[in-house]
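K.L.:
sequence and predicted structure are below.
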Amino acid sequence: MACKPQELKEKIAGVVAGLPTLFNDDYSINHSGMRTHVEYLIANGINVLMISRGISELPYLTYEEIKAVTRNVVEAAAGRVPVLTSTFDWWTGRAIEFVKYAQDVGADGCLVVLPVLYTDYTPALHDAAFYRHFEAIGRATDIGLLIHERNMAGWRGSGAPLSVSLMDRLADIDNVVGMKLEGGDRFYSHKVVGKTKDRLAIIGDWGPEAWLFSYEYGVPANIAGMAQYAPEVEVRVWNHLHKGQLADARKLINDVLTPYWTAWMDMDWVAAIKASMALRGLPASPMRPPNAQLTTEQRGHLRQAMFEVGLLP
C-alpha cells in the first residue's frame with residue numbers, strides 16, 4: 001500500500017537510486033530487466049527508488065511508456081521501499097491526469113517538473129502560474145508531491161534557478177512534502193534548504209563530495225551517482241554519515257565515489273551509468289536514438305577506472 005504524504009516525508013532519507021529506463025536491442029522497454037534491477041537495489045539497501053526526467057530518459061519515452069515504466073517499478077518494489085515517479089514537460093491538465101494514474105497504481109510520490117518556457121524565466125512573470133500548477137495538482141490528488149527544483153530553461157537556451165520565494169510558498173501546499181534539489185549553485189541551494197527543511201524532505205543532487213556538507217545542513221537524502229551499479233558503497237557512506245563517522249564517509253567518497261564519478265564526467269552520464277551496470281553484471285541497455293552509445297574506448301576507460309577503485313576484481 002502506498003505511503004500517505006506525511007508518511008512518505010518521513011521515509012525520504014538515505015540513498016535514493018534514480019532508475020534508468022532499460023531497453024532491448026530493438027529499443028523496446030526491457031521491463032523484465034528493470035524488475036531485476038529493482039530487486040538488486042532493494043536487496044543492497046537502497047532506501048528510495050526514483051523515476052525522473054533525466055536518468056529515466058523521459059524525453060525519449062511516450063506518455064504511455066512513462067505510465068508503463070511507473071506501473072512496472074511500483075509492482076516490482078511491492079511496497080518494500082517508496083517509489084517516486086515524475087511528471088514531464090506537460091501542461092497542468094496532463095500533469096494532473098498522470099499524477100492521478102501514479103496514485104492509482106500505487107506510487108508513493110511524484111516529482112512535479114515544470115515545463116520549458118517560451119521566454120527566459122522571470123519570477124515576476126512566471127511564479128504565480130507555477131504556484132497555480134502545483135496547487136491544482138495538489139487539490140486534485142492525495143499523493144505526496146515533490147518539487148523538482150532545477151534551472152528553468154527557456155527556448156533561448158538560458159537557464160536560471162527558481163526563486164527562493166516560490167520554493168517557500170510551494171512548501172506550504174498540504175501534500176507537497178519534498179524537493180529534489182539540483183539546479184542552483186551551492187549558495188542558492190543552502191538558502192532554499194534553510195527556508196524549507198522544516199517542512200520538506202529534501203533530496204540533494206550535488207555530487208558525492210557535497211553530501212558531507214548537505215547532510216549536516218539538514219538534507220536527509222541524496223541522489224547517489226553510483227547507486228545503480230554499486231549501491232553497497234553508497235549505503236556505506238550513508239551509514240557512516242548517519243552514525244556521525246565523518247572521517248569514514250570522507251574516505252569512501254575520496255577513494256571510490258569521486259575517482260569513479262570523475263572518470264565519466266566527460267561522457268553521456270546516463271550511457272555511462274548503463275555501461276557501468278553492464279560491467280557489474282546487471283542488465284545491459286542501449287541508449288535510444290538519437291542518444292549516442294559509448295565508444296569502445298570509453299567503455300574500456302570505465303572498466304579500468306572501476307578496477308582501480310575496487311568495483312571489479
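P.N.:
Received, thanks.
K.L.:
what segments of the stretch 1-150 of the chain are strands?
P.N.:
14-18, 48-50, 83-86, 109-112, 144-149 (DSSP state E, counting those that start in this stretch).
K.L.:
again, but for the stretch 151-300 of the chain
P.N.:
152-153, 159-160, 176-181, 201-204, 221-223.
K.L.:
can I get those in JSON lines with distance to Ala128?
P.N.:
For glycine as for every other residue, the C-beta is placed from the backbone atoms N, C-alpha and C. Putting those into JSON lines (distance: least, C-beta to C-beta, whole Å) gives the following:
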{"stretch": "strand 152-153", "distance to Ala128": "14"}
{"stretch": "strand 159-160", "distance to Ala128": "17"}
{"stretch": "strand 176-181", "distance to Ala128": "16"}
{"stretch": "strand 201-204", "distance to Ala128": "24"}
{"stretch": "strand 221-223", "distance to Ala128": "29"}
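K.L.:
and stretch 278-291, how far out from the chain's middle?
P.N.:
Centroid separation between stretch 278-291 and its chain, computed with C-alpha atoms, centre = their mean, to the nearest Å, is 18 Å.
K.L.:
same deal with stretch 90-105?
P.N.:
18 Å.
K.L.:
one more: stretch 109-127?
P.N.:
That offset, for stretch 109-127, works out to 18 Å (C-alpha atoms, centre = their mean).
K.L.:
per-residue pLDDT, Glu10?
P.N.:
Note on Glu10: pLDDT of 94.
K.L.:
just to revisit the earlier point, tell me which of the strands of the stretch 1-150 of the chain is the most buried.
P.N.:
strand 83-86 (a mean of 28; mean count of other C-beta atoms under 10 Å).
K.L.:
give me the sheet partners of it and which way each runs.
P.N.:
strand 48-50 (parallel), strand 109-112 (parallel) (DSSP bridges).
K.L.:
for Val219, which of these is the nearest?
P.N.:
strand 48-50 (13.4 Å; C-beta to C-beta).
K.L.:
any stretches of the protein with poor pLDDT?
P.N.:
1, 153-158, 183-184, 206-208 (pLDDT under 70).
K.L.:
coming back round to it: how about JSON lines for the strands paired with strand 83-86, with distance to Thr196 added?
P.N.:
Output for the strands paired with strand 83-86, formatted as JSON lines (distance: least, C-beta to C-beta, whole Å):
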{"stretch": "strand 48-50", "distance to Thr196": "18"}
{"stretch": "strand 109-112", "distance to Thr196": "15"}
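K.L.:
Thr141 versus Leu181, what's the distance?
P.N.:
For Leu181, the distance to Thr141 (C-beta to C-beta, to the nearest Å) stands at 22 Å.
K.L.:
neighbour count winner among these two?
P.N.:
The neighbour comparison of Leu181 against Thr141 (other C-beta atoms under 10 Å) goes to Leu181, with 28 against 21.
K.L.:
mind checking how far that one is from Asp89?
P.N.:
With C-beta to C-beta as the criterion, Leu181 and Asp89 are 19 Å apart.
K.L.:
before we move on, what about Leu19?
P.N.:
19 Å.
K.L.:
can you show me the CA trace of the longest helix that the chain contains as CSV?
P.N.:
The longest helix of the chain (DSSP state H) is helix 123-140. What follows is helix 123-140, C-alpha atoms only, in CSV (Å, rounded to 0.1, in the frame of the first residue of the first chain):
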residue,chain,number,x,y,z
PRO,A,123,9.9,35.3,-11.2
ALA,A,124,7.5,38.3,-11.6
LEU,A,125,6.1,36.8,-14.8
HIS,A,126,6.1,33.1,-14.1
ASP,A,127,6.0,32.3,-10.3
ALA,A,128,2.2,32.9,-9.9
ALA,A,129,1.5,30.5,-12.7
PHE,A,130,3.9,27.9,-11.4
TYR,A,131,2.3,28.1,-8.0
ARG,A,132,-1.1,27.5,-9.5
HIS,A,133,0.3,24.5,-11.4
PHE,A,134,1.3,22.8,-8.1
GLU,A,135,-1.8,24.0,-6.3
ALA,A,136,-4.1,22.4,-8.9
ILE,A,137,-2.2,19.1,-8.8
GLY,A,138,-2.3,19.1,-5.0
ARG,A,139,-6.1,19.8,-4.9
ALA,A,140,-6.8,17.0,-7.5
